[in-house]
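> The sequence and its predicted three-dimensional model are supplied below.
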Amino acid sequence: TVDAERISFYIQFFSADGCDLSLFYHFLHLIHSQADLISIYYKFYHYLTSNANYLFYKNVFFYLTSAYEVTKIDSIKKCQLWQLILILEEKLMAKDIDWSNLGFGYIQTEKRYVSNFKDGAWDDGVLTEDATVTISECAGVLQYAQTIFEGMKAYTTEDGKIVVFRPDLNAARMADSARRLEMPPFPEDRFVDAIVKTVEANIDYVPPYGSGATLYIRPYMFGSNPVIGVKPASEYQFRVFCTPVGPYFKGGAKPIVIKVSDFDRAAPHGTGHIKAGLNYAMSLHAIVTAHEEGFAENMYLDAATRTKVEETGGANFIFITKDGKLVTPKSNSILPSITRRSIEYVAKEYLGLEVEEREVFFDEVKDFAECGLCGTAAVISPVGKINDHGKEICFPAGMEEMGPVTKKIYDTLTGIQMGRIEAPEGWLKVIK
């Protein structure tokens, strides 16, 4: 017989790798015929939520589902049994990903969103399993780089919700980028809906809370029809894919060393303020050169006078003065970072700091107490030193850890993103 006192031992035995499944099925038959159904199922509970043997999950799942259908039990107990089945189903659907060792790279997920613009209108859009893009060899994106993109993340919060951080701002920024490159803006409400649909379709790829990993979301748009003369395309494709990524800095964000670049990132009145692929393509040679010289990033100065701080290849600067004030560079040729705007709000409204968004002259950088780079990927990357053609600017915060004020800002913003701190209204779009 199989009694309740011995049930835990049997479950552990049959959940082991390589167990004899004929014995396992006999064991299930004994439970079904000789013990109270619900009480025994509760004995399964711990193993349903902690055991890592997929085969064991699979077989118990099918047995419980069958038992649920054929067993005559009262509605309350049947509801309780169904909850256990759902727990097991969630385990079965979980992806075999080592979240704690996930890198910052591309992993193909199951579905992506696609919508096409033709004859002056966007179609309804679909979710597809096809990860390939098929376009003409003469497509506008290939000939004249007519493409824009965005970047954002979905998180699992402390209370188990899955959220996306401020997607409405990404929608508005992408619309601005589209208008600048003579592309039809994708409707902002549909943009947010496409993000929700894509995350929902790949919900099992959202890393668990506490893993340090997130689901990176990449919306993008490009000219898709043949264009040989220099002019805007007439047809476009808008797509959204997502991929799970690990923390940008494993083991915590250590201060980096950057250099003042001899290259210019963007011209005055150019495209530096939009998220266009061409801006990032032109920065590749500069960042490869910096890496070859042993630096983590470039500091770009304004192209007109080369006296004012702009940004890096993919992040905005933040500075902390010696009296604790947050200062961020202002220019019409830098990207309006959503992370930077969120940092400014958090610094002022949550931490009570004075905030200034203004022109920052390179000559004054040496007088700041702390420096950081902010963006979606890392949130804030602390800067310990800036190399200006052999002369070093060393910040008092040092090279060991993030400066104290920057750390407060970082902890507060990530606390909001992860649900540990109450978010301002509308900042977190709840997916599930």
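Arrived safely, thanks for sending.
> contacts, neighbours, all on C-alpha from now
Will do.
> ok, the closest residue to residue 259 other than its chain neighbours - contacts?
Spatial nearest neighbour of residue 259, excluding adjacent residues (Cα to Cα, 6 or more residues apart in numbering): residue 387 at 4.5 Å. Counting by Cα atoms under 8 Å, 6 or more residues apart in numbering, residue 387 touches 257-260, 393.
> which outside residues touch stretch 326-333?
266-273, 309-310, 317-321, 344, 347, 353-360.
> start to end distance for it?
Terminal residues of stretch 326-333 lie 21 Å apart, using Cα to Cα, to the nearest Å.
> mean confidence score for it?
Taken as a whole, stretch 326-333 carries a mean pLDDT of 97.
> quick one: buried residues of the helix or strand hosting residue 288?
Per DSSP states H and E, residue 288 falls inside helix 284-292. Burial within helix 284-292, assessed by neighbour count using 16 or more other Cα atoms under 10 Å, is assigned to 286-287, 290.
> How about stretch 375-386?
So stretch 375-386, judged by 16+ other Cα under 10 Å, has buried residues 375-377, 379-386.
> What mean pLDDT does the next helix or strand after the helix holding residue 288 get?
Where DSSP H and E defines the elements, the next helix or strand beyond helix 284-292 is strand 297-299. The average pLDDT for strand 297-299 rounds to 96.
> what's the answer for stretch 133-149, then?
For stretch 133-149, the per-residue pLDDT averages 97.
> Distance across that stretch, terminal residue to terminal residue?
Note: stretch 133-149 ends 15 Å apart using Cα to Cα.
> outside of it, which residues touch it?
Stretch 133-149 is contacted by residues 174, 177-178, 181, 218-228, 230, 232-233, 275-278 when judged by Cα under 8 Å, 6+ apart.
> I'd like to know which of those are buried.
Buried among the contacts of stretch 133-149 by 16+ other Cα under 10 Å: 174, 177-178, 181, 218-227, 232-233, 275-277.
> Which ones among the buried residues of stretch 375-386 map onto strands?
375, 379-386 (DSSP state E).
> Pipe the residues you listed into JSON lines and attach pLDDT and distance to residue 150 per row.
As requested, those are arranged in JSON lines below (pLDDT from 0 to 100; distance: Cα to Cα, whole Å):
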{"residue": "375", "pLDDT": "93", "distance to residue 150": "12"}
{"residue": "379", "pLDDT": "93", "distance to residue 150": "15"}
{"residue": "380", "pLDDT": "95", "distance to residue 150": "18"}
{"residue": "381", "pLDDT": "94", "distance to residue 150": "20"}
{"residue": "382", "pLDDT": "95", "distance to residue 150": "23"}
{"residue": "383", "pLDDT": "96", "distance to residue 150": "25"}
{"residue": "384", "pLDDT": "97", "distance to residue 150": "28"}
{"residue": "385", "pLDDT": "97", "distance to residue 150": "29"}
{"residue": "386", "pLDDT": "98", "distance to residue 150": "28"}
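> In TSV, list those residues along with distance to residue 116.
Below are those laid out as TSV (distance: Cα to Cα, whole Å):
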residue	distance to residue 116
375	29
379	32
380	35
381	37
382	41
383	42
384	46
385	46
386	45
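> Just to be sure, residue 192 is in a helix?
Yes - using DSSP: H, G, I helix; E, B strand; the rest coil, the assignment for residue 192 is a helix.
> Is residue 214 in contact with residue 204, as I believe?
No - using Cα atoms under 8 Å, residue 214 makes no contact with residue 204, being 11.6 Å away.
> quick one: what helix or strand has residue 239 in it?
strand 236-245.
> Can you show me the strands along the stretch 151-300 of the chain?
152-156, 162-165, 214-223, 236-245, 256-260, 297-299 (DSSP state E, counting those that start in this stretch).
> who does the third one touch, helix- and strand-wise?
Strand 214-223 makes packing contacts with helix 140-144, strand 147-149, strand 152-156, strand 236-245 when contacts are defined by 3 or more Cα pairs under 8 Å, 6 or more residues apart in numbering; DSSP states H and E.
> what about stretch 311-318, distance to the chain center?
Distance of stretch 311-318 from the chain centroid (Cα atoms, centre = their mean, to the nearest Å) equals 18 Å.
> ok, now which ones touch residue 261?
286, 298-301.
> Just give me the closest of these to residue 246.
residue 298 (23.5 Å; Cα to Cα).
> The closest one: neighbour count?
By the criterion of other Cα atoms under 10 Å, residue 298 has 26 neighbours.
> Would you check that it makes contact with residue 310?
No - applying Cα under 8 Å, one finds residue 298 not in contact with residue 310, separated by 10.5 Å.
> quick revisit: and the residue nearest to residue 259, how far from residue 248?
23 Å.
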